[in-house]
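Chemist: here's a sequence, model it:
(chains A and B)
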Amino acid sequence: MATAVATPEARARVDRLERIWTERPGLVGWLTTTDHKRIGLMYLFAASAFFLAGGIEALLVRTQLAAPEQGVLSPQAYNQVFTMHGITMVFLFVIPISTGAFGNYLLPLMIGARDMAFPRLNALSFWIFVASGVFIYAGLAVGQAPDAGWFDYVPLASKQFSPGMGIDFYALGLIFVTISTTAGAVNFIVTIFKLRAPGMSLNRMPLFCYAFLAVSGAIVFALPALTVALVLLELDRQLGFHFYDIAQGGDPLLWQHLFWIFGHPEVYIIILPAFGIATSIIPTFTRRRMVAFPLVALAEILVAFIGFGVWVHHMFAVGLPTIVTIYFAAASLIIVIPSAIQLFAWMTTIVTGTPRFSTPLLWIVGFIVFFIIGGLTGIMFAAIPFDQQLTDSYFVVAHFHFVIFGAAVFPLLGGLYYWFPKVTGRMYDERWGKASFWVTFAGTLLTFFPMHVLGLLGMPRRDYTYHAGLGWGALNLMETIGSYVLTAGLLIVVATLVAGLRRGRPAGDDPWGGDTLEWATSSPPPAYNFAVIPKVSSAYAMWDRKDREEDARKLDRGELVLDRGHETPASTVLDAELDEILAMPSSSWAPLLLALALAGVFAMLLLGHVVTAGAFGGLAALVLFAWHTHEPQVAR
Amino acid sequence: MTGRADRCENRRSVIAALRILGVVACAVLIAGCGRQSTLDTHSQPAREIADLWWWMLAAAALVLAGVLALLFVGWRQRDRPGLTMLGGLAEHTTALVVAFGVCVPLLALVAVFVVANFSVAGVTEAPAQGSTSMTIDITGRQWFWEVRYPGSRAITANEIHIPVRTRVNAVLRSGDVIHSFWVPSLNRKADMIPGHPNRILLYADEPGVYRGQCAEFCGTQHANMATTVIAESPARFAAWVAREAEPRSAPQTPLQQAGERVFLGSSCASCHTIAGTAARGTIGPDLTHVGSRRTLAALTIPNTAAQMRNWIAHPQRVKPGNRMPAIRLSDREVDALAGYLEGLR
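Modeler: Here you go, the predicted structure:
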């Protein structure tokens, strides 16, 4: 136990908390859990499974392109594989692992809460995510995977040009997954605004939480555009509507606008959690507070906000009027500023602090390097003529892989190492940790850097093959070798963590001297997170020693222990003054059952059995009814 | 005046130096730089974009070097208190962040914005009405390019002939899904979207063959939807158009005559047009002068007698998933058909 248990009274209180919060044992416990930490772990493993699938798809693509005119994959198979790679990495890996796993596990701990604001909704988000992922992969299993790219442009994706069921798997599967992502985002917003420990006013909230607030806001406003686009697509495909059909007064550009209105904020949705993780790791390993904290907090919010005004830079080659493209080019340049602020704040913090280049900070340094490279090429794409020359070439593939793999995934890997001791209670081997970083770093550079040159040499993206005479072979071979090195690096990450889990020495509560509240509790944290709701008087709560000593005394006095029920405190939005005590719902089968019923609805819509879909909808309504009859009573 | 000219001269020599550096780098990386390269430029628009790239690359390299230097300083200071003279006061560090995170980037961004989107874009955007001396119509189809010359009956596929040093207004359309027309040595790309015709300037400084490729994913054979722009002297171009506008040359040999009978008697004629015959299909490329083209199936294979036979007999093996079905023909019929088509010059 993190909190020193000095007196028998304190012991008795902790025992009571233990009884109240412990969930059912075994598999049933996991299936019915509402504990944000268990849900976070399940997200981690499920998203990792999809990462494995997406990774295998990437390796297939790279193997096919290793040399000119190869036949590892047929053109049809190649198109399915690169489409599934994109869908998997964006929807089933990055977002679920960053918000679902990292956000879920850490956010309540960082703000001193005992769970998310809506624990059952949280479980529902997870189960819908798994169900939708399985739904989309069922298409691949039956040989009907989507094959029109993750951007799925019409009219290629229309019934006329894609008569199979692949696009329906895509459209319905993504509508399904957006329910999960949106529910998760709403949960984060309410949790951040209402469940912060008393004293954690907004200006004392860790930057990690600002990042997740920004991400959640962006999700809530961005995903509806995607959902609308997909619903219109299904209406066109299944019921013969003509939203995207130019011959009947529709317009294929409608799809592009709707898709990118979602698609560009999506880029920031992917990368903002990484910013949050970077701002967690940097202060700890430089033993210094973040430079320009308010500016960084503001920048995190601004990035998410301005991200909604730049979507047309994905459409510069479409032939829109100059007045339109110029506006979006300007907005695309403006959004560089908040990113530059954060970048320079991170680097200044490192340079002016006492940096310890342990494994987690190494990943952040790798992230900074890759984010700079991806950011600089990103700026180039706001130069309209350059964009029109290089868009849809390998240059753009290089650009967004530096951003999405280099800049978004590296902090996630750094975060895995950073919070591994907290989650498992054990340490990993530092030398292997560093080795895993260097191999992955080298593999990433080797895989993605030559793509810039290939793009400049005129190689378009999404080609299943290329002619030998075009001179693209050597660079492609280099990239393919890089992708295998990269895979080796990731395997070392897994091996290092698994070895740490089995043989690592005990970590203790706070092995790094961390700055935020998750380090105030035991490793792994108990089901109720904190025996006492912690006192907060700065954004670096763990570095306020006196507050932590005060927590121990409060446990003795029985103040803010809440050991009478399944409860967590709620506070006011701005100043975080204690507002009320919330009775929290306990474990339930309802989220899992509701997700299954909804999966039935989507499966039947796919097969065109509208009546059966309706029946599943009715079942879902019954589960919802049962769910609401088991809500907790209002406590006090 | 001289000062300005000097600066101009300096600017040019910097660009030249950068360009040489880049070409050397390319040459080191691959055997032959060129063919379909954005850096192997043969027109003003392509050149302006490439220059813009080299300038942006130089600026980006500078920023990257600065960041790496800063990280190196951090690494040198590891496990020791860092630059305390900077870190002592929050005002100082915040001022640094504002200077390098807001002010410096803002200057660079404004420069990129003005140069790229006003100066360079003026050259690369759709040509002004009346600024061009001829118009051609290019239509993207799964998976070939149909090219028409308004004012003439000439119709061809995949190989676009233009007169050299002539401003050509290329009108870009789609016959099915979205494609994107991209010949990087001559100009930027422009999408071909159903219902939204686009225009682009085609101009070549010197005679030559410039390769291009579809740049918007358009289905199974997106990878084998290539094109060439063939720039030739105005006289040769005029002769080419005149020949292209003629109906097919009547088959001479018995083999070719047999080939035409096979063509008109099989399903070939329902998809292809051969002017001067009853074949009026519009799904596949016009074959009136197919024998004169350098390649088949949108640059998938060279146009030789052997490849023509292979293509007719096994279209799904040569270009899997393409719209041309394999039709049941005897070896003799394939030979006749190939001989006939090769004779259509």
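Chemist: what does the pLDDT read for A:Asp556?
Modeler: A:Asp556 carries a pLDDT value of 89.
Chemist: scratch that, B:Cys26 is what I was asking about
Modeler: 48.
Chemist: for the stretch 301-450 of chain A, which spans come out with low pLDDT?
Modeler: Of all residues in the stretch 301-450 of chain A, none has pLDDT under 70.
Chemist: right, I mislabeled it, should have said chain B
Modeler: B:1-34, B:83-88.
Chemist: show me the domain layout of it.
Modeler: B:2-124, B:134-245, B:254-342 (automatic domain parsing).
Chemist: okay, those domains, which one's buried deepest?
Modeler: Each of the domains of chain B was scored by mean neighbour count; the highest is domain B:134-245, a mean of 21, by mean count of other Cβ atoms under 10 Å in any protein chain shown. C-beta coordinates here come from the backbone N, C-alpha and C atoms, glycine included.
Chemist: next one: that domain to chain centre, how far?
Modeler: 9 Å (Cα atoms, centre = their mean, to the nearest Å).
Chemist: what sits against the residue of the stretch 101-250 of chain A found nearest chain B?
Modeler: Relative to chain B, the nearest point of the stretch 101-250 of chain A is A:Ile246 (3.5 Å; Cβ to the nearest Cβ). Contact analysis of A:Ile246 by Cβ atoms under 8 Å, 6 or more residues apart in numbering or on different chains lists A:Pro155, A:Pro252, B:Pro194, B:Gly195.
Chemist: for chain A, see how far away the last one is.
Modeler: In this structure, B:Gly195 and chain A are separated by 3 Å, where distance is defined by Cβ to the nearest Cβ, to the nearest Å.
Chemist: which residue sits closest to that residue, ignoring its sequence neighbours?
Modeler: Leaving aside its sequence neighbours, B:Gly195 sits nearest to A:Ile246 (Cβ to Cβ, 6 or more residues apart in numbering or on different chains; 3.5 Å).
Chemist: next up, phi/psi of the one you found, please.
Modeler: Main-chain torsions, A:Ile246, degrees, to the nearest 10: phi -60, psi -30.
Chemist: count the neighbours of A:Val28 for me.
Modeler: Applying other Cβ atoms under 10 Å in any protein chain shown, we find 12 residues neighbouring A:Val28.
Chemist: other residues contacting the one helix or strand it maps to?
Modeler: Using DSSP states H and E, A:Val28 sits within helix A:26-32. By Cβ under 8 Å, 6+ apart, the list of residues contacting helix A:26-32 from outside reads A:Glu23, A:Arg24, A:Arg38, A:Met42, A:Ala123, A:Ser587, A:Ser588, A:Trp589, A:Leu592.
Chemist: buried subset of those residues as a PyMOL selection?
Modeler: Filtering these down to the buried ones (16 or more other Cβ atoms under 10 Å in any protein chain shown) takes a single PyMOL command:
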select buried, chain A and resi 38+42+123+587+588+592
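Chemist: from the contacts of helix A:26-32, which ones fall inside helices?
Modeler: Residues of the contacts of helix A:26-32 located in helices (DSSP state H): A:Arg38, A:Met42, A:Ala123, A:Leu592.
Chemist: now the first one, nearest residue through space, not along the chain?
Modeler: Yep, that's A:Arg38 we're talking about. A:Trp30 (6.4 Å).
Chemist: ditto for the second one
Modeler: Excluding the flanking residues, the one nearest A:Met42 by Cβ to Cβ, 6+ apart is A:Phe126, at 5.8 Å.
Chemist: for A:Gly600, see how far away the one you found is.
Modeler: Using Cβ to Cβ, to the nearest Å, A:Phe126 is found at 18 Å from A:Gly600.
Chemist: go on, A:Pro569?
Modeler: From A:Pro569 to A:Gly600 the distance is 39 Å (Cβ to Cβ).
Chemist: so between these two, which is more surrounded?
Modeler: A:Pro569 (21 against 18).
Chemist: tell me which parts of the stretch 201-345 of chain B are close to chain A?
Modeler: With Cβ under 8 Å from any Cβ of the partner chain as the criterion, the stretch 201-345 of chain B meets chain A at residues B:211, B:213-224, B:299, B:320-321.
Chemist: go again using 6 Å as the cut-off
Modeler: Residues of the stretch 201-345 of chain B lying near chain A by Cβ under 6 Å from any Cβ of the partner chain: B:Gln213, B:Ala215, B:Glu216, B:Phe217, B:Gly219, B:Thr220, B:Ala223, B:Pro320, B:Gly321.
Chemist: any chance of the residues you listed in TSV, plus secondary structure?
Modeler: Formatted as TSV, these follow (DSSP: H, G, I helix; E, B strand; the rest coil):
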residue	secondary structure
B:Gln213	strand
B:Ala215	coil
B:Glu216	coil
B:Phe217	coil
B:Gly219	coil
B:Thr220	coil
B:Ala223	helix
B:Pro320	coil
B:Gly321	coil
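Chemist: these: which two are farthest apart?
Modeler: Greatest spatial distance in those: B:Ala215 and B:Pro320, 21.1 Å, computed using Cβ to Cβ.
Chemist: can you list contacts of whichever helix or strand the residue nearest to A:Met42 is part of?
Modeler: Per DSSP H and E: A:Phe126 is located in helix A:119-141. Helix A:119-141 has contacts (Cβ atoms under 6 Å, 6 or more residues apart in numbering or on different chains) with A:34, A:39, A:42-43, A:46, A:50, A:84, A:92, A:96, A:116, A:145, A:166, A:169, A:173, A:176-177, A:179-180, A:183-184, A:187, A:585, A:588, A:591-592, A:594-595, A:599.
Chemist: what does stretch B:211-219 give?
Modeler: A:149, A:156, A:392, A:460, A:462, B:35-36, B:142, B:177-180, B:182-183, B:189, B:191, B:222, B:225-228.
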